[in-house]
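Peer 1: pasting the sequence and the predicted coordinates here, then a few questions.
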Amino acid sequence: MGKELFGTDGIRGVAGGYPLDAATVYAFGVALGDDTRKLADDPQILIGADTRESSGWLAETVAGGLESKAVRVRYAGVITTPGVAWLTRTGPFVAGVMISASHNPYQDNGLKVFGHSGFKLPDADEDAIEREIFALLKSGVSPRVAPLTIDEGLDRQYLDYLVSTVQTRFDGVKLAVDCGNGASFKLAPELLRRLGAKVSTMCTDPDGRNINQGCGALHLEGLAKKVVAESADFGVAFDGDADRAIFVSSSGKIVNGDGVLLAAGRALKEAGRLPGDTVVSTVMSNLGLEKALERAGIRMLRTQVGDKYVLEEMERIGARLGGEQSGHVIFRDFATTGDGLLTALRVFELAVRERRGLDELTADLSVYPQKLINIKVREKRPFDGMPQVASEIRNVERDLDTAGRVLVRYSGTELLARVMVEARDQAMVDSGAGRIADAIRREIGI
C-alpha cells in the first residue's frame with residue numbers, strides 16, 4: 001500500500017490544513033519520537049526552518065510531540081535543508097527535521113526528515129511513522145507546542161564546513177546573489193564574503209510571505225539584469241530552502257543544472273575523480289548535455305524526475321556527481337543531498353581556478369529545442385496498451401532517429417499526461433509533440 005502522507009520529499013501541503021494541521025503535525029512529532037527512542041536511550045533531534053510565516057508554529061508543534069516522548073530538541077532556526085542534513089549527519093542527532101516547502105509559495109510548507117546518515121528516512125521507517133500518526137489521530141490527540149530557542153552555533157558549524165571545502169578563494173570576484181527571501185538570506189552572503197568575494201545581494205528581506213515571490217531560482221529575470229547592470233562576474237539564485245542553485249553568466253545567460261553537470265563533470269574527469277566517467281541525471285536533462293558529455297568521454301545515466309532517484313542511482317553505482325536541470329546538484333564527496341551553497345562554491349571555485357567565465361565553461365552546450373505538452377486525461381492507462389498512442393510514439397521516435405528523443409509520462413500528482421519531444425529541428429519537435437498529444441487526447445483526453 002502506498003504512503004498517504006510521505007511523498008518523495010517528505011510531508012507537504014498548505015500550512016494549517018491537513019496534513020499540516022496542528023493535530024497531524026503534533027502526531028508526527030510523537031510518532032517520530034517513538035521511532036527514534038528505539039535508536040538511542042537519550043535521543044536528540046535537530047529542527048531547522050525556512051522563512052515562511054508558518055514555519056515557527058510548525059517547528060514548535062513538532063517539538064511538542066517530540067518532547068512528549070522525552071526527546072531532546074535543538075533548534076537551528078532559519079537554515080537551509082542541506083544544512084540540516086549535514087548537521088544531522090555530523091552531530092549527535094538521531095534525526096533532523098526541516099520545516100520547508102522548498103520552491104513552493106509561502107502558503108505551503110512541509111516536513112522533511114533525515115536520519116543520522118544524512119539521507120532521507122527509508123520507506124520502512126516512513127511507513128511505521130505514518131501508521132502511528134493515523135493511530136494517534138484516531139484515538140484523539142491534544143496538540144501542544146514546545147517553545148524553541150535558537151542555538152546560534154549550529155549554522156556557524158555548517159558555514160565553517162562549507163568554507164573548509166574550498167581550496168581557491170574568491171578574492172576580488174564580483175558576485176550578484178538572489179536569496180529568494182528564503183533560508184539562504186543570511187548564510188549565502190556571509191559565506192561568499194568570508195571567501196573574499198564582492199557580494200551584491202537581492203531578496204534578502206524575508207517577511208514570511210515573500211519567499212520565492214518573483215525571485216530566487218525559479219525567477220531569474222531580475223538577477224540577470226543585475227549581473228549585467230553591475231558588471232558582475234557571476235550571479236547565483238537559490239530557492240526557498242537553498243537545496244538548488246541556478247547561475248547567470250557575466251553576459252546574462254542562464255546556466256541551469258545541466259550546465260553545472262557539464263562543467264563539473266569535465267573538471268572531475270580531468271582530475272581523475274569521476275568514477276566510471278559517469279554522471280547521473282534525470283529524463284528531463286537536455287539531450288544537448290548528453291551529447292556534450294559524450295564528446296568529453298563521459299556517460300550520462302538518466303533516472304525518473306526527482307533528486308531522490310538521482311541519489312539512489314548514484315549510491316547504487318558509486319557515482320560522485322549527479323543532479324537535475326532544476327538546479328539540484330549532488331556532489332557526493334561533500335554531501336548527501338543537493339546543496340545550493342555547496343554547488344555555488346564548486347562552480348565559482350572551478351571558474352576562478354581555470355580563469356574562465358560560465359559562458360566559456362558551457363560554450364559547447366547546445367541546448368536542443370524542447371516542447372512539453374500537458375494533456376488532461378480521464379485515467380492513467382499504460383501508453384503501450386493504447387495501440388494508436390503507442391504507434392504514434394514509435395513513428396515520432398523513428399523520424400527523430402538518434403537526433404532527438406521522446407518522453408511520455410503521467411504526472412505523479414495530477415490527471416495529466418506529459419509529452420516532451422526534443423530534437424535539433426524545431427519543426428520536428430513541434431510536429432512530433434503535437435501528433436503524440438493528439439493521439440492521447442483521442443484515447444483518454446477530457
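Peer 2: Structure received.
Peer 1: hey, let's count contacts and neighbours off CA atoms from now on
Peer 2: Noted.
Peer 1: touching, Asp307 and His328? I think so.
Peer 2: Yes - using CA atoms under 8 Å, Asp307 is in contact with His328, at 6.7 Å.
Peer 1: state the mean pLDDT of stretch 67-86.
Peer 2: For stretch 67-86, the mean pLDDT works out to 97.
Peer 1: repeat for stretch 368-376
Peer 2: Mean pLDDT, stretch 368-376: 94.
Peer 1: and the residue nearest the centre of the chain?
Peer 2: The residue lying closest to the centre of the chain (CA atoms, centre = their mean) is His328, at 4.4 Å.
Peer 1: skipping its backbone neighbours, what lies nearest it in space?
Peer 2: Spatially, and ignoring its direct neighbours in sequence, His328 is nearest to Arg244 (4.4 Å; CA to CA, 6 or more residues apart in numbering).
Peer 1: could you do Gly404 as well?
Peer 2: Per CA to CA, 6+ apart, closest to Gly404 is Ala423, 4.0 Å.
Peer 1: which residues touch the closest residue to Val236 other than its chain neighbours?
Peer 2: Closest residue to Val236 apart from its sequence neighbours, by CA to CA, 6+ apart: Phe247 at 4.4 Å. By CA atoms under 8 Å, 6 or more residues apart in numbering, the residues touching Phe247 are 234-237, 254-256.
Peer 1: assumed Phe247 was part of a helix.
Peer 2: No - applying DSSP: H, G, I helix; E, B strand; the rest coil, one finds Phe247 to be strand, outside a helix.
Peer 1: show me what it is bridged to.
Peer 2: Val236, Val255 (DSSP bridges).
Peer 1: pick the one among the contacts of Phe247 closest to Val25.
Peer 2: Distance to Val25, by CA to CA, is smallest for Ala237 among the contacts of Phe247, at 30.8 Å.
Peer 1: that older thread, any chance of the contacts of Phe247 in TSV, plus distance to Leu87, pLDDT and neighbour count?
Peer 2: Compiled in TSV, the contacts of Phe247 are given as follows (distance: CA to CA, whole Å; pLDDT from 0 to 100; neighbours: other CA atoms under 10 Å):
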residue	distance to Leu87	pLDDT	neighbour count
Phe234	29	98	26
Gly235	27	98	32
Val236	24	98	29
Ala237	23	98	33
Ile254	31	97	19
Val255	29	98	20
Asn256	27	97	19
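Peer 1: can you give me the helices for the stretch 201-350 of the chain?
Peer 2: For the stretch 201-350 of the chain, the helices defined by DSSP state H, counting those that start in this stretch cover 221-229, 257-270, 287-295, 307-317, 340-354.
Peer 1: how deep is the residue nearest to Gly404 tucked in, by neighbour count?
Peer 2: Neighbour count of Ala423, defined by other CA atoms under 10 Å: 25.
Peer 1: for it, what are phi and psi?
Peer 2: Phi and psi for Ala423, reported as degrees, to the nearest 10, are phi -170, psi 170.
Peer 1: tell me the contacts of it?
Peer 2: 287, 368-370, 400, 403-405, 429.
Peer 1: tell me which residues are up against the longest helix along the chain.
Peer 2: Secondary structure of the chain per DSSP state H: the longest helix is helix 426-444. Helix 426-444 is contacted from outside by 369-373, 375, 377-379, 386, 388-389, 392-393, 396, 400, 419-423, using CA under 8 Å, 6+ apart.
Peer 1: now it: average pLDDT?
Peer 2: Averaging pLDDT along helix 426-444 yields 96.
Peer 1: circling back to that earlier point, for the residue nearest to Val236, give its distance to Ala344.
Peer 2: Noted for Phe247: a distance of 8 Å to Ala344, by CA to CA, to the nearest Å.
Peer 1: Ala40 too?
Peer 2: Ala40 sits 36 Å away from Ala344, going by CA to CA.
Peer 1: next: Val177.
Peer 2: Between Val177 and Ala344 the computed distance is 10 Å (CA to CA).
Peer 1: which neighbours do these two share?
Peer 2: Both Val177 and Ala344 are contacted by Val236, under the criterion CA under 8 Å, 6+ apart.
Peer 1: which pLDDT does the model give the residue nearest to Val236?
Peer 2: We note a pLDDT of 98 for Phe247 in this prediction.
Peer 1: one step back: with neighbour numbers in mind, choose between Ala40 and Ala344.
Peer 2: More neighbours surround Ala344 than the other of Ala40 and Ala344, with 22 against 12 (other CA under 10 Å).
Peer 1: contact partners for that one?
Peer 2: Ala344 sits next to 236, 245 when contact means CA under 8 Å, 6+ apart.
Peer 1: rerun at 6 Å
Peer 2: Contacts for Ala344 (CA atoms under 6 Å, 6 or more residues apart in numbering) come out as none.
Peer 1: against Ser250, how distant is it?
Peer 2: 15 Å.
Peer 1: going on from the helix or strand harbouring Asp160, what's the next piece of helix or strand?
Peer 2: With elements taken from DSSP states H and E, the one containing Asp160 is helix 153-164. Sequence-wise, the next helix or strand downstream of helix 153-164 (DSSP H and E) is strand 174-178.
Peer 1: tilt between that following strand and helix 340-354?
Peer 2: On the basis of axes from the mean of the first three to the mean of the last three CA atoms, to 10 degrees, strand 174-178 is oriented at 160 degrees to helix 340-354.
Peer 1: next, the buried residues of the following helix or strand past strand 174-178.
Peer 2: As assigned by DSSP H and E, the chain's next helix or strand after strand 174-178 is helix 187-194. Neighbour counts over helix 187-194 (16 or more other CA atoms under 10 Å) mark 187-189, 191-194 as buried.
Peer 1: with stretch 8-17 instead?
Peer 2: With burial defined by 16+ other CA under 10 Å, the residues of stretch 8-17 counted as buried are 9-16.
Peer 1: quick one, what contacts Phe234?
Peer 2: Contact partners of Phe234, counting by CA under 6 Å, 6+ apart, are 175, 248-250.
Peer 1: please apply the same query to Gly306.
Peer 2: Per CA under 6 Å, 6+ apart, neighbours of Gly306: none.
Peer 1: helices along the stretch 51-200 of the chain, start to end?
Peer 2: Under DSSP H, counting those that start in this stretch, the stretch 51-200 of the chain gives helices at 55-67, 81-90, 123-139, 153-164, 187-194.
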